[in-house]
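how would this look folded up:
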Amino acid sequence: MAFQSAVAGLYDRLQNAVDCCNAHPIEVTAAILASGIAVVSGFGAYKMHKCRELRLKMEARGERSKRDIDELKQELYGLKINESIAKMSFQELQEALQSGKLSASEVLRAYQAKALEVNDRTNAITDVIKSAKVHAAKLDMLDPSQRGPLHGIPISLKETCGLKDLDCTSGFPEMIDIPLKEDSPLIQVLRLKGAVPFIRTNIPQGMRSFACFNGIFGETKNPHNPSRGPGGSSGGEGAIVGGLGSILGVGSDIGGSVRIPACFCGHASLKPTCGRIGWLGNFNPGTVNGQNIIITTDGPMGRDVTSVVQFMRAVLTPDLWTREVLIPPVPFREEIFTGRRPLRIGYFIHNGCMQCVPAVERAVLMAKSALEGLGHTLVPFDVKPKALHAFSRHFLPLLMADNGACYDELLRYDNSCELMGVFYKLCKMPNWLRRLVGKVL
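Model prediction:
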């Protein structure tokens, strides 16, 4: 209303100035200045109104998340929970579910309880998937011959994974309460294979940070040390899997977003080749239309390597590529995974810019020795050009090819995340300045 009033006032003043062509120049100038001030004031008032509106939406969405978590705690209160379930390896749990020794429902309850415990110290959960209980009960009614490879396995999902009737905000208040109409193809296949999605987990706003904070759900902490972060952008997944609150999860990765949380939180993950398991049906803010050089991909995050391998075995089937036609129809390459053909494998411990911390360097060299012991040839990889130069000269320009236009509507009235604000400003940086920064780096 303030903006409309300002525009109306400007029109009236200018119309009067034109009608009174014999008016004194000072009067016309004063009328124009007054109109300009009114418009600026109107814009300011309208922006304040929109900012307040977004704050209220964020608060309501955050409170709804906390309420659903509290309701699940009440639902589980007093129930007998088999705490040993959450301590099993993936293989042990999978065998117990396939044999019928454990039911999908009791495994779900065990992981719901453990996830809530981990969440109390990490703030990792954004959504409780309420359909999980019904889904697990249906799985328990199946004949053993109908059980899929992931039968009864509870699975956590990054907040941006597409689920029917849930919004995918990626931390942007503008995206609150815009529910998706169906599950993403990957989630459909995971359900078909017997997995039970039971929670979604936190992300940094826009998925453009190695920290894990947004104004809706707050900050997620590392499960092993609350003074540190879990990494990003799949930081909530890193925290919940690393804290043993989930045995298998789905993250996404464009520049380290499943690999960095796995490193920070101490578990396994895999960034598949882009396009191998797809991305369709998820919310991907900030994707430049037509940019197909740097592509986001979903990827598994699990307690151990076995969990990641079994995820890939389960989903790389015609059930996936018939739902997402851009995925190449290539099944899990069992002959390569189990084969003994010697490979040439490149490695490096310095990226041409900064030295690895000793623990990472030691891990790489231990892996090198182990692979050589299996008969593979390890080749030092000389990283050129320097990582920061390549990052600023090639990687960022591709992500920012539209100069941040894809974020304009999302961030116009939102300043809830300082880290995303910095990235947005980088997007708006002129090309000549980007090139100068690239040369300096």
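
tell me the contacts of the nearest residue in space to residue 313 that is not next to it in sequence?
The shortest distance from residue 313 to any non-neighbouring residue, by CB to CB, 6 or more residues apart in numbering, is to residue 332 (4.8 Å). C-betas here are computed from N, CA, C, even on glycine. With contact set as CB atoms under 8 Å, 6 or more residues apart in numbering, residue 332 has these partners: 312-313, 316.

could you do residue 238 as well?
Contacts of residue 238 (CB under 8 Å, 6+ apart): 212, 230-231, 251, 260-262, 264-265, 267, 301.

which of those residues fall in helices?
Residues of the contacts of residue 238 located in helices (DSSP state H): 260-262, 264-265.

from the residues you listed, which is closest to residue 208?
The shortest approach to residue 208 among those belongs to residue 260, at 12.8 Å (CB to CB).

isn't that closest one right next to residue 211, touching?
No. The pair residue 260 / residue 211 is not scored as a contact, 10.5 Å apart, by CB atoms under 8 Å.

go ahead and list the helix or strand containing residue 56.
Residue 56 belongs to helix 25-76 when elements are defined using DSSP states H and E.

just to revisit the earlier point, among the contacts of residue 332, which one is most surrounded by other residues?
Of all the contacts of residue 332, residue 316 has the most neighbours under the rule other CB atoms under 10 Å, reaching 20 neighbours.

contact partners for residue 347?
Applying CB under 8 Å, 6+ apart, the residues contacting residue 347 are 364, 367-368, 378-381.

recalculate using a threshold of 7 Å.
When contacts are counted by CB atoms under 7 Å, 6 or more residues apart in numbering, residue 347 touches 364, 368, 378, 380-381.

quick one: name whatever helix or strand follows the helix holding residue 56.
Using DSSP H and E, the helix or strand that follows helix 25-76 towards the C-terminus is helix 90-99.

list the buried ones in the following helix or strand past that next one?
Next in sequence after helix 90-99, counting helices and strands by DSSP H and E, comes helix 104-122. Neighbour-count burial for helix 104-122 flags 104-119, 122 (criterion: 16 or more other CB atoms under 10 Å).

helices and strands around helix 104-122, which ones?
Judged by 3 or more CB pairs under 7 Å, 6 or more residues apart in numbering; DSSP states H and E, helix 104-122 is in contact with helix 25-76, helix 90-99, helix 132-140, strand 154-158, strand 196-201, helix 235-242.

which pair in the contacts of residue 238 spans the largest distance?
Pairwise distances across those peak at 15.4 Å for 212 and 267 (criterion: CB to CB).

show me where the protein dips below the pLDDT cut-off.
1-32, 34-36, 38-43, 284-291, 384-385, 434, 437-441 (pLDDT under 70).

and it, what are its domains?
If you go by automatic domain parsing, the domain ranges for the chain are 2-51, 79-341, 345-441.

turn the ones you listed into CSV, columns for distance to residue 67.
Output for these, formatted as CSV (distance: least, CB to CB, whole Å):
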stretch, distance to residue 67
domain 2-51, 25
domain 79-341, 10
domain 345-441, 21
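
okay, those, which one's buried deepest?
domain 79-341 (a mean of 20; mean count of other CB atoms under 10 Å).

quick check: end-to-end length of that one?
Counting by CA to CA, to the nearest Å, you get 51 Å between the two ends of domain 79-341.

is residue 346 in contact with residue 383, as I believe?
No. Contact status for residue 346 versus residue 383: not in contact, 9.9 Å apart, counting by CB atoms under 7 Å.

and stretch 351-359, C-alpha only, in PDB?
Extracted C-alpha coordinates of stretch 351-359, given in PDB (Å, rounded to 0.1, in the frame of the first residue of the first chain):
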ATOM      1  CA  ASN A 351      46.500 -29.300  -4.900                       C
ATOM      2  CA  GLY A 352      49.000 -26.600  -6.000                       C
ATOM      3  CA  CYS A 353      47.500 -24.200  -3.600                       C
ATOM      4  CA  MET A 354      47.400 -25.400   0.000                       C
ATOM      5  CA  GLN A 355      48.900 -28.400   1.800                       C
ATOM      6  CA  CYS A 356      46.600 -31.100   3.200                       C
ATOM      7  CA  VAL A 357      46.300 -31.400   7.000                       C
ATOM      8  CA  PRO A 358      48.500 -34.300   8.200                       C
ATOM      9  CA  ALA A 359      45.600 -36.600   8.900                       C
END
